[in-house]
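J.: Sequence below, structure please.
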Amino acid sequence: MGFKTILKIAGEDRLKKYIEIAKENESEQALIISPNDIVFDRRSILKCLWGCEDQSEPNRIKCGSRGLSFEEAQATIHEYQSILLIHHHDNVKLSNIARKIEKVAFLDGHYFACALHCCHLCKTCKIDSGKPCLTPLKIRPCDQSFGVDVYKTVRGLGLPCIPLQSKTETPNRYAFVLID
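T.: A predicted model of the protein is given here:
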């Protein structure tokens, strides 16, 4: 599958740089979308809190809302003008790409740029073995902890997202970079 670029919002040529970074880092696709393209559902938070395999230990540094309500999370995302949606098959690579683009956007003057993606910064999480996190300042909120229904959001944009039936299937992973 080749790289697919979609600029949904007119006048978003200034954000092509971030699409190019995603492309250079082997992402499958990258789209500039509007906050209005994000589908919210409280049940996403339920799945995040109790359905995620990363929730094996309470009070995890990399999970949870950190006190932000569903309504506050929605309102916060709607404060942004543009969102870069990145599609990749590898969660670790996707986390690193999202953080890289967040940093470039910040340095470009988008000082509120923020990546949303479950933490997969390390191949093996130290927290899972009872050790402290190696990258606590790099962790970003999980999209599902913000109530984002990733499945409906990306399907509505024509992107693939289905539950995997076996570990041999290729996963479709997504991250969001909020850009002011």
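J.: tell me the phi and psi of the closest residue to Ile162 other than its chain neighbours?
T.: The spatially closest residue to Ile162, leaving aside those adjacent along the chain, is Asn172, at 7.7 Å (C-beta to C-beta, 6 or more residues apart in numbering). (Each C-beta comes from the backbone N, C-alpha and C, glycine too.) Main-chain dihedrals, Asn172, degrees, to the nearest 10: phi -110, psi 110.
J.: Equivalent analysis for Thr135, please.
T.: Note on Thr135: its backbone torsions stand at phi -140, psi 50 [degrees, to the nearest 10].
J.: do the same with Gly109
T.: Per-residue torsions, Gly109: phi 110, psi 0 (degrees, to the nearest 10).
J.: what's the burial count for Ser27?
T.: For Ser27, the neighbour count with other C-beta atoms under 10 Å is 25.
J.: On the pLDDT front, check it for me.
T.: Ser27 is assigned 96 on the pLDDT scale.
J.: before we move on, what about Leu164?
T.: 91.
J.: What sits closest to it if chain neighbours are left out?
T.: In space, and not counting its chain neighbours, Leu164 is closest to Pro171: 5.9 Å by C-beta to C-beta, 6+ apart.
J.: What count of nearby residues applies to that neighbour?
T.: Neighbours around Pro171, by other C-beta under 10 Å: 13.
J.: Next: Gly147.
T.: Residues lying near Gly147 (other C-beta under 10 Å) number 25.
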